[in-house]
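# Pasting the sequence and the predicted coordinates here, then a few questions.
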Amino acid sequence: MREKPLTNGCKSLYLDIYRRGKRHKEYLRLYLIDAKTAAEREQNRQTLATAQAVRAKRQIELQNGEYSFADQGRLDIPFIEYYKGMYEERERNSDKGTHKVWRGCLKYIRLYCDEKTTFRDVTPEFVQGFKNFLNTTDKYIHSNATGYSYKEGELLSANSKLTYFSCFRACINHAYNEQILQRNPLRGVETFPKPEVKREYLTLKEIKLLDSTPCRHPWLKRSFLFSCMTGLRKSDVERLTWGDVQKQGKFTRIIFRQKKTGGQEYLDITPQAEKYMGERGADDEAVFYDFGHSVYTNLILQRWCCDAGIHKKLTFHCARHSFAILMLDLGADIYTVSKLLGHRELSTTQIYAKVLDRKKQEAVSLIPEIGQH
């Protein structure tokens, strides 16, 4: 039995099984917490006892030749229950946006199948059926005592269908990797095409305009403009502490781990960005105030944008888009911009290069004057 450290300080327990030259990990969905009280230590003791019981059972099955990596008995695991386990793990260890998407997908899975559906039912036809269901069902609002409520005649957006189907696929792939399924039912079933999304961003002139415009919440103004100057996501700005801010020669450097990807980042920032952080506090003190709910935050930003005379639908993530476009517009190469944004794949950064396509601008500039106006 082994332990896998999680980002929240807990440890996930799993069995490391080696049989006939093959290794297999069986995650038990049992977790040891960072115990600080007697009650928490007792909880960990009971969790370990349960894990040891499973380990002993597996060992007996191995000795008797009853255990196989594609254990037929595990096909009776309820699909919804398994998905809920993955969702709950993301609720503990992922950002709010990720577990919100997984929760949204769970609503549609419950509408598509029921609690009696097991992995024996998860076939290519089952997968294709869920894709067709997402393609044709009305947009779900909420459930109540009388049943489910929908926006009649309003289908899911292309992005929602892609996102929910991706969660569904991730669950099935995970079950296949755990060898619950002998064959992957996703093979031959194509996902939804990725829709092109308009990325709203601010120009340098508009950023300067916001800087000179009062905001009803000065702390939000500072954090948003800081993101415009650094490209940090809202989740990373929220978690930033003064202990992450260090001096590196003439530069101020932020050393942090991305919440979304878990990647370790080293980001040098300009004096302009530094001034938005304000007066330095204790190492464990947050640089910026807690943002609260995203809907409320974006409402404040939209009002501030209107006060500045900028007629764009502003969200906090627009600051990251603005930084990327600004860097490319000022002549930074795409590889460097990719590193500044902490992207794992260059293709992710190329989306911004498409927004600011210099070659197209140069091409249309070749059109000569036709006549006088």
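Noted; the coordinates are in hand.
# Just the helices from the stretch 251-373 of the chain, written as ranges.
271-275, 294-307, 318-329, 334-341, 346-355, 358-364 (DSSP state H, counting those that start in this stretch).
# go on, the stretch 51-200 of the chain?
Applying DSSP H, counting those that start in this stretch to the stretch 51-200 of the chain gives helices spanning 79-93, 96-112, 124-136, 158-177.
# Which strands or helices does the second one pack on?
To tie it back to what came earlier, the one meant is helix 96-112. Judged by 3 or more C-beta pairs under 8 Å, 6 or more residues apart in numbering; DSSP states H and E, the packing partners of helix 96-112 are helix 79-93, helix 124-136, strand 138-144, helix 158-177. C-beta: built from backbone N, CA, C; applies to glycine.
# Tell me the predicted confidence for the closest residue to residue 171 other than its chain neighbours.
Nearest non-adjacent residue to residue 171, counting by C-beta to C-beta, 6 or more residues apart in numbering: residue 83, 4.9 Å away. Per-residue confidence at residue 83 stands at 95 (pLDDT).
# again with the one 5 residues further on
pLDDT, the model's per-residue confidence, is 88 for residue 88.
# Residue 40 too?
89.
# Does residue 92 touch residue 8 like I think?
Yes: contact criterion C-beta atoms under 8 Å: residue 92 and residue 8 qualify, at 5.7 Å.
# Residue 217 contacts residue 299, doesn't it?
No: with contact defined as C-beta under 8 Å, residue 217 does not reach residue 299; the gap is 10.6 Å.
# ok, back up a step: between the helices of the stretch 51-200 of the chain, which one is nearest to residue 328?
With distances scored as C-beta to C-beta, the stretch of the helices of the stretch 51-200 of the chain nearest to residue 328 is helix 158-177 (24.1 Å).
# Going along the chain from that closest one, find the next helix or strand for me.
helix 204-211 (DSSP states H and E).
# same for that following helix, what does it pack against?
helix 218-230, helix 318-329.
# hmm, who's touching the longest one?
Same thing as helix 218-230. With contact meaning C-beta atoms under 8 Å, 6 or more residues apart in numbering, helix 218-230 is reached by 202, 207, 210-211, 215, 232-234, 237, 254, 267, 269-270, 272-273, 276-278, 288-289, 291, 297, 300-301, 304, 316, 319-320, 322-323, 326.
# Make a PyMOL selection of the buried ones in the residues you listed.
Of the contacts of helix 218-230, the buried ones can be selected in PyMOL as follows, counting by 16 or more other C-beta atoms under 10 Å:
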select buried, resi 202+207+210+215+232+233+234+237+254+267+269+273+276+277+288+291+297+300+301+304+316+319+320+322+323+326
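# Give me the neighbour count for residue 54.
15 (other C-beta atoms under 10 Å).
# for residue 203, that is, sorry about that
13.
# Show me the one of the helices of the stretch 51-200 of the chain that comes nearest residue 59.
helix 158-177 (22.4 Å).
# pLDDT averaged over the closest one - what is it?
Rounded mean pLDDT across helix 158-177 is 94.
# and if you look at stretch 282-290?
89.
# Same question for stretch 199-206.
90.
# Now for the closest residue to residue 311 other than its chain neighbours, how many residues are close by?
Closest residue to residue 311 apart from its sequence neighbours, by C-beta to C-beta, 6+ apart: residue 305 at 7.8 Å. By the measure other C-beta under 10 Å, the count of residues near residue 305 is 21.
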